[in-house]
Structure formats: C-alpha cells, structure tokens
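A.B. asks: Mind looking at a prediction? Sequence and model below.
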Amino acid sequence: MTQLIAVLPGDGIGPEIIEQAVRVLTALGESFTIEQQPVGGAAYDAAGHPLPPATLDLARKADAVLFGSVGDWKYDKLERALRPEQAILGLRKQLGLFANLRPAILYPELANASSLKPEVVSGLDILIIRELTGDIYFGQPRGIRTAPDGVFAGAREGFDTMRYAEPEIRRIAKIGFETARKRRGKLCSVDKSNVLETSQLWKDVVTDVAKEYPDVELSHMYVDNAAMQLVRAPKQFDVIVTGNMFGDILSDQASMLTGSIGMLPSASLDESGKGLYEPSHGSAPDIAGKGIANPLATILSAAMMLRYSLDKPAQADRVEAAVKSVLAQGLRTADIYEEGTTKVGTTAMGDAVIKAMG
Ligand SMILES: NC(=O)c1ccc[n+]([C@@H]2O[C@H](COP(=O)([O-])OP(=O)(O)OC[C@H]3O[C@@H](n4cnc5c(N)ncnc54)[C@H](O)[C@@H]3O)[C@@H](O)[C@H]2O)c1
Ligand SMILES: CC(C)[C@H](C(=O)O)[C@@H](O)C(=O)O
Ligand SMILES: [Mg+2]
C-alpha cells in the first residue's frame, strides 16, 4: 500500500514553501500518494471555514500531514472561531498531536547568520519539546466580558484559563525523558512554578516521572531564566520540555540562534507516532508572493516526516544531507544571506536541494 501524505499549504508563504517540499518528496522516487486541501484563510475564502470537513477528513485518514502555515492580518476582524489560526489549533487538538518537537540546529555554514557570536553558538543542537494540546491555549473558561469584581469591575475584561491535568504532563514528560535518553541524556523542564499553580503541578509530575529515568539528568528552570540562558549559553541545553505557551515563545527565540526562523522545522506527534509536520514559522505576510521565503524549514519538516511517520530514515538522511550540501555550496535565501554567499529565491533553493539529492 502506498503511503498517503496530506498536504495543507495554507496562507501567505505557505503555498510557496510547501511547493518546494513536495517537489523534494516527489524527487525521492517513492510511491507516495499526495493529496492536497486548503486550510486557514485560503479555506475560509474557498469554503467559509478555516478547517473544512474535507480538510480534516484528509488529515485524519493520511499517514502523515505536511502543513505550510496559516494566517494573515487581513483576517484579523473575523470572529475568533473563523480566524485562520484556529485551523492549526483545531488540527492539533482533533488529531491529538500533543508532542511538538522543534529542533534548533546550527549548521556550521550559518555560524555568522546566528544572532549570537560563533563561539557561543557553534555546534548548537538542542531540541525543544513543547506540549501542544493543553495550557492557556485551550483552557476553559475564556472570553471577553464585563468584569464582575475587582478594581476594574464594570470594565471590559478578557480572560483565559491556564490548566494542565496530571496525565497530560506525565505523557509529555515521558517523551522528554525518552528523547533525552537517545541524545545527550540531559532534560531541562521549563516552568514558572514560583508563580503558577499549573507549573507547580508540572514540576512535581516531571520530578516524579524522572524516577523511571535515572540515566537522564533532570534540571528545572523558570521560563524567564530559560529565555535569558538561551541567548547567554544555549549549548548548556540538550532537550527542553515545556508547556504550550512557553514552548511557543522559546522556540521562536531558539530559531534565531540557528540563523533564521526559516531554518526551524517541527514535528507534532500523537500517542501512536502519527504526525503533522510544519515549519515553526508563520505565513510571513510581509514577504508572501515575492518568491524569497526560505523553504528549508519546510523541507527539513518533510525529512522529519520521513523519519517519524513514514518509516523512511534513509530518505530523511538523504534530504538532510542535501540541505547541508546546498548550504556548503554557499546558496542562501535572503533571511540567511551574508556577503560572499549566493542569494537565491525559494524555487532556486528547492531546485538546489533536489539536485544535491542526486
Ligand atoms: N503554524 C502556523 O501556521 C503559524 C505559525 C506562526 C505564525 N502564524 C501566523 O502567521 C501570521 C504572521 O505571523 P508573524 O509575522 O508573527 O510570524 P511569521 O513567522 O510569519 O513571520 C515573522 C518574521 O519572520 C519572517 N519569516 C518567517 N518565515 C520565513 C521564511 N520561511 N523565510 C524567510 N523569512 C521568514 C517573516 O518575513 C517575518 O519578518 C499570523 O497570522 C500568525 O498567526 C502561523
Ligand atoms: C499560529 C499560532 C496559533 C501557532 C501557535 O501559537 O502555536 C504558531 O505560533 C506556532 O508556533 O505554531
Ligand atoms: Mg509560534
């Protein structure tokens, strides 16, 4: 049976970067079936909803999902349930994709593109594991109402609820320990337990799970300190495990250590290892349609898909080696360009990766 890949390009630069990743997948010569559906603003425009049933059905039945990005400022006035971003949140929740892996790896060729000095960042290889289906992102109740009490009683107030259940923390902690065990054996759990009850529970549960992993060195860090440490001395980290909101912010921050957010892939996995793969960045409306977006985060996400969901590790290696090769050839999209290298657009970067795959 051929494996089915659901391709959801989305908005902004989504279609441009997805096109290159699909070309790379096709060039592998495997007998994948690739089916495409709109998502986000594109789906709202076409079908009146950011996550139409046909898109969700395809994502459910596929062996893996390759996702571009959703969102654009032009949809800001829509009611919340119809905003493009609800599509990716809905997919994560409905597919049970609770474990988000965001590797921040600095390719040696990009040492000068990093925001940090080469000596601080060279050889960087860290993995942020972000819990993806809980936390303040999904907690109820939430809304905008007239404040019932307090100093601002009678004024309009917005409120959200941060919550985490023990099994939710336990399962992401296990992923953290299992992953750290296969890497350099260090896990840093990031929370805000000096202030938040959810974080206090988080820390207790992670500490409890640690008993099953005596070979993994566990540390705890408050999120504000973690943000500082990530730019002070990022190589102290191996695997970071954290909640949805903190992981969102820290992974964008980590991306700049690698030169550009256009380099940061991600995998979002369910209990069985089925996954959705997407670059960590957004739809970049400021550069959409210009043909200059960096497709490498999406191509590297496709490599993660080959490894984690499609059981094709050799093909994943092939794609990753090709990305290394194009960087070694000095090819750069605008976001990672520096003097002495060759600036290329999105399609030319895709071409180069395909050529390097041989
Ligand atoms: N998973 C997703 O679909 C996802 C993720 C993040 C943001 N978004 C949405 O995207 C829209 C824009 O958000 P934003 O501007 O805060 O974040 P963004 O990640 O889209 O862009 C931030 C900056 O990074 C640049 N950038 C991003 N990807 C790039 C790439 N591949 N190559 C070169 N430069 C790149 C952009 O040009 C921009 O200057 C919003 O609607 C947001 O909600 C969606
Ligand atoms: C678009 C948005 C909902 C999303 C998030 O906050 O999770 C994005 O920022 C990400 O990092 O994937
Ligand atoms: Mg984000």
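C.D. replies: Here it is on my side, so go on. Ligands and ions are numbered 1, 2, ... in the order given.

A.B. asks: hey, let's count contacts and neighbours off CA atoms from now on
C.D. replies: Noted.

A.B. asks: any idea how far G29 lies from ligand 1?
C.D. replies: Counting by C-alpha to the nearest ligand atom, to the nearest Å, the separation of G29 from ligand 1 is 25 Å.

A.B. asks: Burial check on the closest residue to ligand 2 within the stretch 51-200 of the chain, number of neighbours?
C.D. replies: In the stretch 51-200 of the chain, no residue comes nearer to ligand 2 than E85, which is 4.9 Å away by C-alpha to the nearest ligand atom. The number of residues packed near E85 is 21, by other C-alpha atoms under 10 Å.

A.B. asks: Tell me who's in contact with it.
C.D. replies: Residues in contact with E85 (C-alpha atoms under 8 Å, 6 or more residues apart in numbering) are G40, P50, V70, G71.

A.B. asks: Could you turn the buried ones of those into a ChimeraX selection?
C.D. replies: In ChimeraX, selecting the buried portion of the contacts of E85, with burial taken from 16 or more other C-alpha atoms under 10 Å, looks like this:
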select :40,50,70,71
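
A.B. asks: Would you mind naming what in the chain lies close to ligand 2?
C.D. replies: E85, L89, D248, S280 (C-alpha under 6 Å from any ligand atom).

A.B. asks: repeat that with 5 Å
C.D. replies: Applying C-alpha under 5 Å from any ligand atom, we find that the chain lies next to ligand 2 at E85, D248.

A.B. asks: Residues of the chain that sit close to ligand 1?
C.D. replies: By C-alpha under 5 Å from any ligand atom, the residues of the chain that approach ligand 1 are S69, V70, G71, D72, G262, H281, G282, S283, A284, A293, N294.

A.B. asks: and the residue of the stretch 101-250 of the chain nearest ligand 1?
C.D. replies: Counting by C-alpha to the nearest ligand atom, the stretch 101-250 of the chain gets nearest ligand 1 through D248, at 8.9 Å.

A.B. asks: and that residue, that's in a strand?
C.D. replies: No - the assignment for D248, made by DSSP: H, G, I helix; E, B strand; the rest coil, is helix rather than a strand.

A.B. asks: for it, what are its contacts?
C.D. replies: So D248 contacts R130 (C-alpha under 8 Å, 6+ apart).

A.B. asks: Out of the contacts of E85, which comes closest to I128?
C.D. replies: Set against I128, the nearest of the contacts of E85 by C-alpha to C-alpha is V70 (21.8 Å).

A.B. asks: give me phi/psi at that closest one?
C.D. replies: The phi/psi pair for V70 (degrees, to the nearest 10) reads phi -130, psi 160.

A.B. asks: give the contact list for it.
C.D. replies: For V70, counting by C-alpha under 8 Å, 6+ apart, the contacting residues are 10-12, 14, 39-41, 84-85, 87-88, 282-283.

A.B. asks: Tell me the most packed of those residues, by neighbour count.
C.D. replies: Neighbour tally across those (other C-alpha under 10 Å): the maximum, 33 neighbours, falls on V39.

A.B. asks: so what's that one closest to, chain neighbours aside?
C.D. replies: G10 (4.9 Å; C-alpha to C-alpha, 6 or more residues apart in numbering).

A.B. asks: One more: V231?
C.D. replies: Using C-alpha to C-alpha, 6+ apart and skipping the chain neighbours, the partner closest in space to V231 is L116 (7.2 Å).

A.B. asks: Read off the pLDDT value for M256.
C.D. replies: Confidence at M256, expressed as pLDDT, is 88.

A.B. asks: what's the closest non-adjacent residue to G282?
C.D. replies: When the adjacent residues along the chain are set aside, G282 lies closest to S69, with 5.3 Å between them (C-alpha to C-alpha, 6+ apart).

A.B. asks: ok, that neighbour - how many residues close by?
C.D. replies: The number of residues near S69, taken as other C-alpha under 10 Å, comes to 31.

A.B. asks: repeat for S301
C.D. replies: 29.
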